[in-house]
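[1] heads up, no residue letters with this:
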């Protein structure tokens, strides 16, 4: 028997009707005339062909005697059911089928002559093992359950894939061992039972064609297209977002199978109840498009396109079903939506809300290019799939909520990874011991005996620069207004114009003096209330009109004032801060390899950072002062590289700004406590507060006995208290001089007293900026830095 997909089998198949013939012989021997006569006539007809009893090996024999076989199995294939049942003669698990019912024939005709029918997801190894299990159950009396659902996937005339469940009747089959069959012991059977996937073992116990499968089977197919489609939909919806790359294609195929509409298209939108907007689902490449959005990212639900048409969906929370959009668009108030859909070649549609707990989660869109294909009758099919869509959308909403909370925590209230473990432990304790009848008191998060490292890179004279740009913008605006009024040729309100010119000139003179805190606000209020109304309501000549038009176009949208110089300054500040923060963050990832430590940074007029390192932050790792020294060297080297980054950046900045760098050395361990009210870490204890006082005021301090600031541009200032700190940092400086990061000259001086804090001293050393390309080699492995100590 050659017409089989698989080349190897434990069976040699012989199609035989011997059991049917034996049954006919019994009937022929009875006294019931009509039954007996029918059986005798049929037996006489097959008598010249012993193959019917002994077994058929040549598939051509079946084709030649098709009518005789049909008569032989007629009792099993009632004529009255031939247009209803999907049934044929077969050999189980093989693609040998014949004697089809009329319905089966029609299904195969619609599939086309090129269609080859084979069992879905059924490979050669499975085929071999299934046949072996058939032997174990029928010959050895075992009861192994191997009723894995088997399916045929057959396209219909419209190209929609229909799915059919396969059921076999093996009543007319007989399993016979040949002389090559191996007799199995119970141990052999147990071994096979525990090694289903070991194909070599099965072939060893059941050699190829060592058994005979004699007889025939009957295959019956049941249309499970809808159930299969729903199962596939459920599987697709359960996939992770990253797996949903071809979601639209699979959705359309599934829904076409359910609705039996070959040109059915599927769309989907998320409903944002808070903002009353429709938005696209979060799938990559926007594969699941929306016909309501039609290419837009989002749309207001009150968009005029829809008029009152979507009230059914949004307010009444029922599907909107339009079976004929051309007719629909003829009704007043429906024209816009009808035309909008017709432009997309949509002739009928269903827009159904997906609802959970009386809340709309989204809208599923079904559209067809043919009128009346979608209607209120087949809309009931949505009842089969909406429960799965509800679960998926609810999961999406929950996931989105969690992701938003994670983004807020990461970007706005981040807890650094080095201390996250302690917060998690406390949260877990709350979760495990929480009693609804009693308020849980959270334990304070404190890290004791940690060493602080503080550093900053500050924009030099930022306040003075900011004031200068404010004055520059105000002067330019006042000068433009004075010019406008002086060029005014109209005699209207002439005295008032002269008064306004005088007042504007007075403000201009005031700006020659140091800027007061309220000067900017006063001038802004004056211009908005006294000047702009005159400009808007006064007729001007062509020249003045041009100046007036240019003036209003030059105003900033938010402040209503000139903002050119300040914009350059603000942009420069933003560029510097962003660049330096990026350098620090990147280097900090390397620093965590030295030893886990707490890190936080702030953008102000520059970038400042706090580091805390100690055994309490990483209790599972042994702590040694070597890690502290290593981190201190890392900090100094990082500030050098940030200075170099700024030096390289200066030429491209819209406004020239210099930076100064500072490190505060504090060798005594302190405690830090998480302030629940402020949601941040702070230094704990009165003694430790001295560190915070110094940290806040040190960058504005002067060299003792002078008016010179301790910080200078392109130099790093290191403030310390003890000789041991001086010796340690001199080592670091010499090393960084050796690798050409710092210049040879080291300035040393005392720092002026700061609110009762005295005895502070400092180094100041210039960063090498002349050959910035050399600093690439200085990105040393952080594990190596400690060897310089």
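    Now that the structure is in, tell me what you want to look at. This structure is a prediction, so every number in the text was calculated from the model and none was measured.
[2] Kindly state the beta-bridge partners for the closest residue to residue 277 other than its chain neighbours.
    Counting by CB to CB, 6 or more residues apart in numbering, the nearest residue to residue 277 once its immediate chain neighbours are dropped is residue 298, at 5.0 Å. The C-beta positions use only the backbone N, C-alpha and C, and glycine is treated the same way. Residue 298 forms beta bridges with residue 279, as assigned by DSSP bridges.
[3] Looking at residue 298 now. What's its pLDDT?
    Here, the pLDDT recorded for residue 298 equals 77.
[4] Number of residues surrounding it?
    Residues lying near residue 298 (other CB atoms under 10 Å) number 13.
[5] just checking, it touches residue 281?
    No: applying CB atoms under 8 Å, one finds residue 298 not in contact with residue 281, separated by 11.6 Å.
[6] Now do the helix or strand where residue 673 lies: which elements does it pack against?
    Residue 673 belongs to strand 670-675 when assigned by DSSP states H and E. Strand 670-675 sits against strand 446-459, strand 680-684, with contacts defined as 3 or more CB pairs under 8 Å, 6 or more residues apart in numbering; DSSP states H and E.
[7] Show me how far that strand is from its chain's centre.
    36 Å (CA atoms, centre = their mean, to the nearest Å).
[8] And it, what's buried?
    Buried positions in strand 670-675, judged by neighbour count with 16 or more other CB atoms under 10 Å: 670, 671, 672, 673, 674.
[9] just those residues now: which is nearest residue 376?
    Looking at these and their distance to residue 376, the nearest is residue 674, at 60.0 Å (CB to CB).
[10] Could you check how far the closest residue to that closest one other than its chain neighbours is from residue 424?
    Spatial nearest neighbour of residue 674, chain neighbours left out: residue 445 (4.0 Å); criterion: CB to CB, 6+ apart. Shown here: residue 445 relative to residue 424, a distance of 11 Å by CB to CB, to the nearest Å.
[11] the more surrounded of the two?
    Neighbour totals were compared for residue 445 and residue 424, and residue 445 leads with 17 against 11 (other CB under 10 Å).
[12] Isn't the more buried one up against residue 673?
    Yes: at 7.1 Å, residue 445 and residue 673 qualify as touching, with contact defined as CB under 8 Å.
[13] can you confirm residue 607 is in a strand?
    Yes: going by DSSP: H, G, I helix; E, B strand; the rest coil, the assignment for residue 607 places it inside a strand.
[14] how much space between residue 424 and residue 614?
    Counting by CB to CB, the gap from residue 424 to residue 614 is 19 Å.
[15] May I see the buried residues of stretch 692-706?
    Neighbour-count burial for stretch 692-706 flags 694, 695, 698, 699, 701, 703, 704 (criterion: 16+ other CB under 10 Å).
[16] Relative to residue 261, which of those residues is nearest.
    Nearest to residue 261 out of those is residue 695 (CB to CB; 71.2 Å).
[17] Leaving out the residues flanking it, which one is nearest to that closest one?
    With CB to CB, 6+ apart as the measure, residue 454 is the residue that lies nearest to residue 695, at 5.3 Å, once sequence neighbours are left out.
[18] again, but for residue 597
    Closest residue to residue 597 in three dimensions, ignoring its sequence neighbours and counting by CB to CB, 6+ apart: residue 613, at 3.9 Å.
[19] Tell me the confidence at that neighbour?
    Each residue has a pLDDT score; the one for residue 613 is 93.
[20] Could you double-check that it lies in contact with residue 453?
    Yes: taking contacts as CB under 8 Å, residue 613 lies within contact range of residue 453: 7.3 Å.
[21] between the buried residues of strand 670-675, which is nearest residue 125?
    Of all those, residue 674 has the smallest distance to residue 125: 59.8 Å, by CB to CB.
[22] which residues sit in contact with the closest one?
    If you count contacts by CB atoms under 8 Å, 6 or more residues apart in numbering, residue 674 has them with 423, 444, 445, 446, 680, 681.
[23] Could you identify which of these has the most neighbours?
    So for the contacts of residue 674 (other CB under 10 Å), the most neighbours sit at residue 681, 20 neighbours.
[24] Name all residues that make contact with that one.
    Each residue near residue 681 by CB under 8 Å, 6+ apart is listed here: 598, 600, 612, 672, 673, 674, 675.
[25] redo that, cut-off 7 Å
    Residues near residue 681 by CB atoms under 7 Å, 6 or more residues apart in numbering: 672, 674.
[26] Okay, and the beta partners of it?
    Here residue 681, judged by DSSP bridges, has bridge partners residue 674.
[27] One more: residue 348?
    The residues paired with residue 348 through beta bridges, assigned by DSSP bridges, are residue 368.
[28] With residue 169 instead?
    Under the criterion used (DSSP bridges), residue 169 bridges to residue 218.
[29] for residue 174, same thing?
    The residues paired with residue 174 through beta bridges, assigned by DSSP bridges, are residue 214.
[30] Next one: it relative to residue 65, how far apart?
    Between residue 174 and residue 65 the distance is 21 Å, computed by CB to CB.
[31] Out of the two, name the residue with the larger neighbour count.
    Counted by other CB under 10 Å, residue 174 and residue 65 do not tie: residue 65 has more neighbours, with 18 against 15.
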